[in-house]
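Quick one: sequence plus predicted model below, questions after.
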Amino acid sequence: MRPPSLDLPYQPRVVRFLRRAELGDWVVKLYTIAPYGRPARAQVAEAALRAAREALPAPAVAPGRYGVGFVIAHDAPRLCYALACWWAEENEVHQRILSAPADRPEQLASHPGEAAGCVWELSVTDFERRAWITHVLANPDGPDLDAYLAQEYNDHV
């Protein structure tokens, strides 16, 4: 027997790399996610960048912190989300999640609860993990943050 909340079928969502963005001294990759085969609304992406600018720690470059990361703007049906993620301590991704009502993305604030991300957001995190290993941790020529920042993910997951 399945719990009633699991009766809805999985629906792929569009995941798009939008651009690299400078947020003060931070350089992040901006991704958007949206359901129903549509692109995410521009106001959700811009609100996520504004929220990330406030959520990312300062200074960007500090012992154990490299000033690079990624931001996920998820334009979901009931809420919009911003995940501000950054690399630290060589192999750790740190994250702050913000949310707001879908019709008020400018109100993004700390998300209540202990979520690490949904299945669609985690697809971006998984891609970024693999890119970090390839270009930074396991690169035979040494860490290459520019190559990491140049690798982009687009999919329907």
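In hand now; what should we look at?

Tell me where the model's unsure across this structure.
By pLDDT under 70, the low-scoring segments of the chain are 1-4.

Going along the chain, name the helices of it.
42-55, 119-132, 145-150 (DSSP state H).

hey, which of the ones you listed is tucked in deepest?
The highest mean neighbour count among the helices of the chain, using mean count of other CB atoms under 10 Å, belongs to helix 42-55: a mean of 20. In this view, the C-beta of every residue, glycine as well, is placed from N, C-alpha and C.

one step back: what's the closest of the helices of the chain to Ala102?
Between Ala102 and these, the shortest separation by CB to CB is 8.5 Å, and it involves helix 42-55.

Next, the buried residues of stretch 97-107.
Using 16 or more other CB atoms under 10 Å as the test for burial, stretch 97-107 gives Ile97, Leu98, Ser99, Ala100, Pro105.

returning to what we had before: can I get the helices of the chain in CSV with distance to Cys80?
As requested, the helices of the chain are arranged in CSV below (distance: least, CB to CB, whole Å):
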stretch, distance to Cys80
helix 42-55, 5
helix 119-132, 12
helix 145-150, 25
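
The ones you listed: which one's closest to Trp87?
Using CB to CB, the helices of the chain put helix 119-132 closest to Trp87, at 6.2 Å.

Please name every helix or strand in contact with the closest one.
Other elements packing on helix 119-132 under the criterion 3 or more CB pairs under 8 Å, 6 or more residues apart in numbering; DSSP states H and E are strand 14-23, strand 26-34, strand 65-75, strand 79-88, strand 92-101.

Among these, which comes closest to Asp141?
The nearest among these, by CB to CB, is strand 65-75 at 17.0 Å.

Give the pairing partners of the closest one; include direction for each.
Neighbouring strands of strand 65-75 in its sheet, by DSSP bridges, are strand 26-34 (parallel), strand 61-62 (antiparallel), strand 79-88 (antiparallel).

Can you report how many residues lie near Ile133?
Applying other CB atoms under 10 Å, we find 13 residues neighbouring Ile133.

now the helices and strands packed on helix 119-132 as JSON lines including distance to Val124?
Listed next are those as JSON lines, based on distance: least, CB to CB, whole Å:
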{"stretch": "strand 14-23", "distance to Val124": "6"}
{"stretch": "strand 26-34", "distance to Val124": "5"}
{"stretch": "strand 65-75", "distance to Val124": "5"}
{"stretch": "strand 79-88", "distance to Val124": "8"}
{"stretch": "strand 92-101", "distance to Val124": "11"}
